[in-house]
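**Student:** Show me the folded form of this:
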Amino acid sequence: MKTVVLCGGKGTRLNELTDKIPKPLIQIGDKPILWHIMNMYRHYGHNDFILCLGYKGEEIRSYFRNETKFKITFVDTGIDTNKAERIKMTKDLLDSDDFFVTYGDDLSDVDINKVLEFHKQSGKITTLTAVTPESPFGIIKLNSSNEVTEFKEKPILKEVINGGFYVFNKRIFSFLKEGYDLEKEAFAELSRRREICAYRHGGFWKSMNTLKDVIELNEMWTAKNIPWLK
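**Tutor:** Take a look at the predicted model:
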């Protein structure tokens, strides 16, 4: 099975770094986050990647040009292309009914093969990985007199969110219509048809969206607290 990695965005929330390099090449330790993501899939036996390039894509191509650890197909999908359109451009490169899709900025210790098994058992068009994120803020509890009774530093939230790490069936291409946004329109239509399900992952997950996230991931690396590294 092939893994489509969406790594063409501009990463504007990290423009202090992405002015110089594309977001997927921001380093965690001594390797870009994109390398860490691909290594995670490789650990589970999936080592055939389609990298959807866009913003500063030539730098990603150059970094991995001599990489022998991964099998990579590069696809130039444009700078301002949305996620659904990028995925559509990979259709003719896929040689199995099911394929993986992931973003170029999320790390997790999710077992990719368990997600795949869940997907096959469900028979749905799309499976996403549902995660419970950490609150970006500490919270306080108040009593009826508005006295602070408890502090909680960045607790795990009760709600689940879409953590990416998808498995798609090729039937998805019927829902990737011209101009459609992947989450707001394609996924919304799939959910109305009950064709999208969620594999619940209770372990580690973190998205790299801000400079604070970059610092925290590198602090984890330095402390050798690296749950995503297999």
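**Student:** So what's the residue count around residue 223?
**Tutor:** 8 (other CB atoms under 10 Å). In short, each C-beta sits where N, CA and C put it, glycine included.
**Student:** Any figure for the gap between it and residue 149?
**Tutor:** Note on residue 223: its distance to residue 149, by CB to CB, to the nearest Å, is 32 Å.
**Student:** Spatially, what comes nearest to the most centrally placed residue in the chain if we skip its sequence neighbours?
**Tutor:** Among the residues of the chain, residue 103 comes closest to the average C-alpha position under CA atoms, centre = their mean, at 3.1 Å. Take residue 103 and drop its neighbours on the chain: the residue closest to it by CB to CB, 6 or more residues apart in numbering is residue 164, 4.8 Å away.
**Student:** check contacts around the one you found.
**Tutor:** Contacts here follow CB atoms under 8 Å, 6 or more residues apart in numbering; on that basis residue 164 touches 101-103, 106, 128-129.
**Student:** I'd assumed residue 6 was in contact with the residue nearest to the centre of the chain.
**Tutor:** Yes. Counting by CB atoms under 8 Å, a contact exists between residue 103 and residue 6, whose distance comes to 5.4 Å.
**Student:** coming back round to it: put together JSON lines for the contacts of residue 164, with distance to residue 144 and pLDDT on each row.
**Tutor:** Listed next are the contacts of residue 164 as JSON lines, based on distance: CB to CB, whole Å; pLDDT from 0 to 100:
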{"residue": "101", "distance to residue 144": "48", "pLDDT": "97"}
{"residue": "102", "distance to residue 144": "46", "pLDDT": "97"}
{"residue": "103", "distance to residue 144": "44", "pLDDT": "95"}
{"residue": "106", "distance to residue 144": "41", "pLDDT": "94"}
{"residue": "128", "distance to residue 144": "40", "pLDDT": "97"}
{"residue": "129", "distance to residue 144": "40", "pLDDT": "96"}
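**Student:** now those residues: which count as buried?
**Tutor:** If you count burial by 16 or more other CB atoms under 10 Å, the buried members of those come out as 101-103, 106, 128-129.
**Student:** and the nearest residue to residue 56 once chain neighbours are set aside, how far is that from residue 145?
**Tutor:** Take residue 56 and drop its neighbours on the chain: the residue closest to it by CB to CB, 6+ apart is residue 22, 3.9 Å away. Distance, residue 22 to residue 145, using CB to CB: 52 Å.
**Student:** Among these two, which residue is more densely surrounded?
**Tutor:** Applying other CB under 10 Å to residue 22 and residue 145 shows that residue 22 carries more neighbours, namely 25 against 6.
**Student:** That one reaches residue 59, doesn't it?
**Tutor:** Yes. The pair residue 22 / residue 59 is scored as a contact, 5.7 Å apart, by CB under 8 Å.
**Student:** does the residue nearest to residue 103 count as helix, strand or coil?
**Tutor:** coil (DSSP: H, G, I helix; E, B strand; the rest coil).
**Student:** doesn't residue 226 fall inside a strand?
**Tutor:** No. Secondary structure assignment (three-state DSSP) places residue 226 in coil, not in a strand.
**Student:** Count the residues that sit near it.
**Tutor:** A total of 17 residues lie near residue 226 under the criterion other CB under 10 Å.
**Student:** Excluding chain neighbours, what is closest to it?
**Tutor:** residue 220 (6.2 Å).
**Student:** Please apply the same query to residue 222.
**Tutor:** residue 29 (7.8 Å).
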